[in-house]
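Peer 1: sequence? don't have it. structure:
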């Protein structure tokens with residue numbers, strides 16, 4: 001496997017010196033935000049992780065390799081290029097074999113991070129079971145990956161465009177703990193709350209790190225979701241965002257948009273209908289997750 005993995009100098013040095021490393025996905029840059037906010041946010045998030053005692057490792061597929069840690073120029077390339085494939089588990093082998101550019105989703109980032117010996121991963125939100133998944137089987141590969149790959153994902157929950165109840169049921173079936181950071185309920189990305197309780201609450205990074213260590217010491221395979229609510233000042237009104245999502249879902253249905261095209265369409269409509277406030281919220285929550293993720297990585301590294 002090592003023949004397909006290349007580490008940036010910063011990440012290589014961190015591994016050699018035993019420093020904590022935090023994985024970051026690249027789909028959030030290429031497909032999650034418009035330019036230039038995507039590249040600016042990526043750089044700021046990396047710096048936040050450094051400022052909190054860890055080393056960032058943004059992951060992507062470049063020239064037939066899994067690149068663990070991107071240069072400034074590479075971040076810029078992923079932010080500007082329109083020819084970047086969205087890489088999940090099913091896509092990794094093909095993209096590496098054909099030397100195409102691939103931006104890693106949550107699932108692919110988890111696979112690559114574990115292969116590089118990184119257990120802590122910061123993102124915006126996880127994928128989940130889509131509304132109507134009980135008949136369509138439209139369930140994100142992120143959930144399956146969480147059931148089998150030993151990486152903890154720090155996120156602001158799952159977007160409320162999904163069926164959060166089904167998502168929690170699926171995670172329970174896969175034995176994936178959902179730990180609320182200073183919260184008893186699952187955050188819904190743009191909002192701090194949903195109608196669903198988390199499995200456990202932890203009020204400090206040390207408790208989360210200790211739980212992860214014990215989990216993997218016991219050889220309980222699979223990841224964990226660390227659900228960290230969006231900061232209060234950036235949270236959107238629950239009723240407003242739900243109305244916007246319902247409107248966007250209706251339009252998607254009318255236009256016969258389905259499969260992997262649904263999420264980008266819905267997010268675009270949400271941004272349009274909230275007059276850009278959803279993008280501000282997205283940026284704020286990712287930065288907030290980076291702070292907590294770095295602290296968990298530092299604590300986990302000390303325990304190892």
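Peer 2: Great, that's in hand. Because the structure is predicted, anything quoted here is derived from the model rather than measured. Numbers count the residues shown, from 1 in each chain.
Peer 1: quick one: the strands in this protein?
Peer 2: 5-7, 21-24, 55-62, 65-68, 85-87, 102-104, 120-122, 152-155, 178-181, 200-202, 224-227 (DSSP state E).
Peer 1: Could you list the paired strands of the last one along with their orientation?
Peer 2: Strand 224-227 pairs in its sheet with strand 152-155 (parallel), strand 178-181 (parallel), by DSSP bridges.
Peer 1: Ok, the second one next?
Peer 2: Strand pairing for strand 21-24, determined by DSSP bridges: strand 55-62 (parallel), strand 120-122 (parallel).
Peer 1: OK, contacts around the residue nearest to residue 36 when sequence neighbours are not counted?
Peer 2: The spatial neighbour of residue 36 that comes closest, neighbours along the chain excluded (Cβ to Cβ, 6 or more residues apart in numbering), is residue 79 at 6.9 Å. Quick note: C-beta positions are derived from backbone N, CA and C, even for glycine. By Cβ atoms under 8 Å, 6 or more residues apart in numbering, residue 79 lies in contact with 29, 30, 35, 36, 38, 39, 42.
Peer 1: mind redoing it with 7 Å?
Peer 2: By Cβ atoms under 7 Å, 6 or more residues apart in numbering, the contact list for residue 79 reads 29, 35, 36, 38, 39.
Peer 1: Just send those back as JSON lines, with neighbour count and pLDDT too.
Peer 2: As requested, those are exported to JSON lines (neighbours: other Cβ atoms under 10 Å; pLDDT from 0 to 100):
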{"residue": "29", "neighbour count": "29", "pLDDT": "95"}
{"residue": "35", "neighbour count": "14", "pLDDT": "93"}
{"residue": "36", "neighbour count": "11", "pLDDT": "95"}
{"residue": "38", "neighbour count": "23", "pLDDT": "95"}
{"residue": "39", "neighbour count": "18", "pLDDT": "97"}
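Peer 1: between those residues, which is nearest residue 216?
Peer 2: Closest approach between the contacts of residue 79 and residue 216, by Cβ to Cβ: residue 29, at 28.9 Å.
Peer 1: mind checking how far the closest one is from residue 295?
Peer 2: Using Cβ to Cβ, to the nearest Å, residue 29 is found at 23 Å from residue 295.
Peer 1: do residue 100 as well
Peer 2: Residue 100 is 36 Å from residue 295, by Cβ to Cβ.
Peer 1: Between these two, point out the one with more neighbours.
Peer 2: residue 295 (24 against 17; other Cβ atoms under 10 Å).
Peer 1: Hmm, residue 49 and that one touching each other?
Peer 2: No - contact criterion Cβ atoms under 7 Å: residue 295 and residue 49 do not qualify, at 9.9 Å.
Peer 1: now the angle from whichever helix in the chain runs longest to strand 55-62?
Peer 2: Ranked by residue count and defined by DSSP state H, the top helix of the chain is helix 277-303. For helix 277-303 against strand 55-62, the angle by axes from the mean of the first three to the mean of the last three Cα atoms, to 10 degrees is 120 degrees.
Peer 1: Now do the buried residues in helix 277-303.
Peer 2: 277-279, 281-301 (16 or more other Cβ atoms under 10 Å).
Peer 1: Just give me the neighbour total for residue 132.
Peer 2: Neighbours of residue 132 (other Cβ under 10 Å): 13.
Peer 1: What sits closest to it if chain neighbours are left out?
Peer 2: Closest to residue 132 by Cβ to Cβ, 6+ apart is residue 138, at 7.1 Å.
Peer 1: how many other residues sit next to residue 9?
Peer 2: If we define neighbours as other Cβ under 10 Å, then residue 9 has 9 of them.
Peer 1: Report pLDDT for it.
Peer 2: Looking at residue 9, its pLDDT is 98.
Peer 1: Quick check: nearest residue in space to it, chain neighbours excluded?
Peer 2: Using Cβ to Cβ, 6+ apart, the nearest residue to residue 9 is residue 69, at 7.9 Å.
Peer 1: do the same with residue 72
Peer 2: Going by Cβ to Cβ, 6+ apart, residue 72 has residue 43 as its nearest residue, at 7.4 Å.
Peer 1: So which residue is dead centre in this protein?
Peer 2: By Cα atoms, centre = their mean, the chain has its centre lying nearest to residue 123, at 3.1 Å.
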